[in-house]
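Chemist: The following block contains a protein sequence and its predicted model.
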Amino acid sequence: MSEQKPLVKVTIDNITIDVAPGTTILNAARTIGGDVTPPAMCYYSKLEGSGGKCRTCLVEVAAGSTADPRPMPKLVASCRTTVMDGMVVKNCTSERVKDARNGVVEFLLMNHPLDCPICDQAGECHLQDLGYQHGKEGTRFEFARRTFEKIDIGPYIQLHMTRCILCYRCTYVADQLTPKRVHGILQRGDHAEISTYIARAIDNDFSGNMIDVCPVGALTDKTFRFKNRVWFTKPVDAHRDCTTPGCCGKTTLWLRGEEVYRVTSRKDEWGEVQSFDGKPGWICNSCRFDHKKATDWVIEGPTVISRHSVISQGHYVGMVKPAETIEKVMDGRTPKLLMDIHSVSEVNTKQEVK
Amino acid sequence: MQTLTNRAKIVERKPMSMGERMYLPAIFKGMWITFKHIFRKKATINYPEQKRPFSPVFRGLHVLNRDAEGRENCTACGLCAVACPAEAITMEAAERKPGEEHLYREEKYAAKYEINMLRCIFCGLCEEACPKDAIYLSETFAPANYQRQGFIYGKDDLLIPNPVTEPEAYQKALGGRVVKEMTH
């Protein structure tokens, strides 16, 4: 700890920041935030070894470093490329990046069924957002999309292999959070699929986190399946004292009225699980699937949802109510009512008169 | 007297003449006007028997569409309900079981689909929002009812007749409209 390595300067979209050496371009851009941050479908900062597969985070490096200011010839994956001192990165200011991202979205959607009206992930799907922000409207793919037989992987998690974009996040969850991984990628290339060994049920305490890390609707909550649409439920932050070791007990409840439709872990602005005291806030299956009553939880308050998200429809965040002006125009005197409705009608006479 | 506008008429208060005092000429004059109207074209129609043609953009009662094989198009995605400014639409989804493929086109279908016609403002945004070609505004009025409950239209009130099993009723429900086959 005694020798602190000097910070390196990196310029991303004309914004210069100092970051620790060894930081990836993506994480450096996330410290700036906003449009500067490249989107990421497979990289997940809480999962070791993730990233480098989906190519949505491609950026242009206009100058490699102060020592060697030549530009990198090809676009680089920002989640796997570390910053150098004096590096100049172009993300949303580069036409090449925009064009490449259009292509990547087209690739990702090549085998995607686009069944958003059916999919439970719609409304909080990263691929949906990516497609809207960076994709083109049409497709040039004229061949049959790959389809799969439905596989039952247990009572809690629904697997839709057709929607999978092979980001490998769920396998990292199984490797790093659960004692034994029973599922993985079978086959390769176009035939690659997520599956369990001979449809073995995924059954351990933290398997539910695969649902949270899945950027698309390939892994969804079976207890929430087709129950409601995401944008009709209202998210609130809640917690309970969970005795499962490793479970943080801090969750988001998705309510409609008094009913808890779904429990998920809390997400940060990048769509990843929030960290509490430096530890990722994974939650156990008991919190996620078994406690679906509002009385099980201590509700802290409404979850902050981006104004641009469909989930925030009807939430009226930041609403400005017109101020009462009567007192102001009457020089601070409150108007006196000549007739009180309760005494006139003799209804609700016990009610306090304001 | 100078008038402000030219529309004011000065009422003359002179005594009535002989003809005016007899009244009968004025009565016959009025009856002649009434008699003339018998031969004029009528401004009204006998409504339930005769109907006026609707304008092509008329938006009436909703219809839940089926595809050419008679399967329901609606997948209960909730986009009509989220687009509805009057919050008139509610729905509950269910999963299609194996063997029900001839009933519902997609994996998910609307088990319950209700439109409150008292809330509906017939703006047609649900029709625009629908990604599955499932809801259309037809050329029908919501008929009057004695109870509010009667204005909540469920699936059995909204679904178009099956084009395979009841083609005549389907054609009747289509009216004069031409259905475009959706390339899907």
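Modeler: That came in fine, so what should we check first? Numbering: from 1, shown residues only, chains lettered A, B, ... in the order given.

Chemist: measure residue A:179 to chain B for me?
Modeler: 32 Å (CB to the nearest CB, to the nearest Å). In this view, the C-beta of every residue, glycine as well, is placed from N, C-alpha and C.

Chemist: looking at it, that residue is touching residue A:204, isn't it?
Modeler: Yes - with contacts counted by CB atoms under 8 Å, residue A:179 reaches residue A:204, the gap being 6.7 Å.

Chemist: With neighbour numbers in mind, choose between these two.
Modeler: residue A:204 (17 against 8; other CB atoms under 10 Å in any protein chain shown).

Chemist: Enumerate the residues of chain B near chain A.
Modeler: B:75-79, B:81-82, B:93-95, B:106-108, B:131-132 (CB under 8 Å from any CB of the partner chain).

Chemist: Kindly recompute the last result at 6 Å.
Modeler: B:75, B:77, B:78, B:82, B:93, B:95, B:106, B:107, B:108, B:131, B:132 (CB under 6 Å from any CB of the partner chain).

Chemist: In strands, which of the residues you listed fall?
Modeler: B:93, B:95, B:108 (DSSP state E).

Chemist: Show the contacting residues for the nearest residue to the first one once chain neighbours are set aside.
Modeler: Once flanking residues are discounted, residue B:93 sits nearest to residue B:76: 3.7 Å by CB to CB, 6 or more residues apart in numbering or on different chains. With contacts defined as CB atoms under 6 Å, 6 or more residues apart in numbering or on different chains, residue B:76 is in contact with B:91, B:93, B:108, B:110.

Chemist: if we go to 10 Å?
Modeler: Shown in contact with residue B:76 (CB atoms under 10 Å, 6 or more residues apart in numbering or on different chains): A:117-118, A:226, A:228-229, B:91-94, B:104, B:106, B:108-113, B:132, B:134.

Chemist: Repeat that for residue A:249.
Modeler: Per CB under 10 Å, 6+ apart, neighbours of residue A:249: A:238-243, A:276, A:281, A:283-284, A:286-287, A:297-298.

Chemist: Need the ones in strands among the residues of chain B next to chain A in JSON lines (columns: pLDDT and neighbour count).
Modeler: Compiled in JSON lines, these are given as follows (pLDDT from 0 to 100; neighbours: other CB atoms under 10 Å in any protein chain shown):
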{"residue": "B:93", "pLDDT": "92", "neighbour count": "22"}
{"residue": "B:95", "pLDDT": "91", "neighbour count": "13"}
{"residue": "B:108", "pLDDT": "92", "neighbour count": "21"}
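
Chemist: So, low pLDDT: which residues of chain A?
Modeler: Applying pLDDT under 70 to chain A flags residues A:1-3, A:197-201, A:314-318, A:347-354.

Chemist: just checking, what's the longest helix in it?
Modeler: Looking across chain A with DSSP state H, the single longest helix is helix A:95-108.

Chemist: Give the next helix or strand downstream of that one.
Modeler: Next in sequence after helix A:95-108, counting helices and strands by DSSP states H and E, comes helix A:126-134.

Chemist: who are the neighbours of the next helix or strand after that following helix, in terms of helices and strands?
Modeler: With elements assigned by DSSP H and E, the helix or strand that comes after helix A:126-134 is strand A:157-159. Strand A:157-159 sits against strand A:193-196, helix A:209-213, strand A:219-221, with contacts defined as 3 or more CB pairs under 10 Å, 6 or more residues apart in numbering or on different chains; DSSP states H and E.

Chemist: Please tabulate these in CSV, including the columns mean neighbour count and distance to residue B:167.
Modeler: Shown next, in CSV, are the helices and strands packed on strand A:157-159 (neighbours: other CB atoms under 10 Å in any protein chain shown; distance: least, CB to CB, whole Å):
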stretch, mean neighbour count, distance to residue B:167
strand A:193-196, 20, 43
helix A:209-213, 25, 45
strand A:219-221, 24, 39
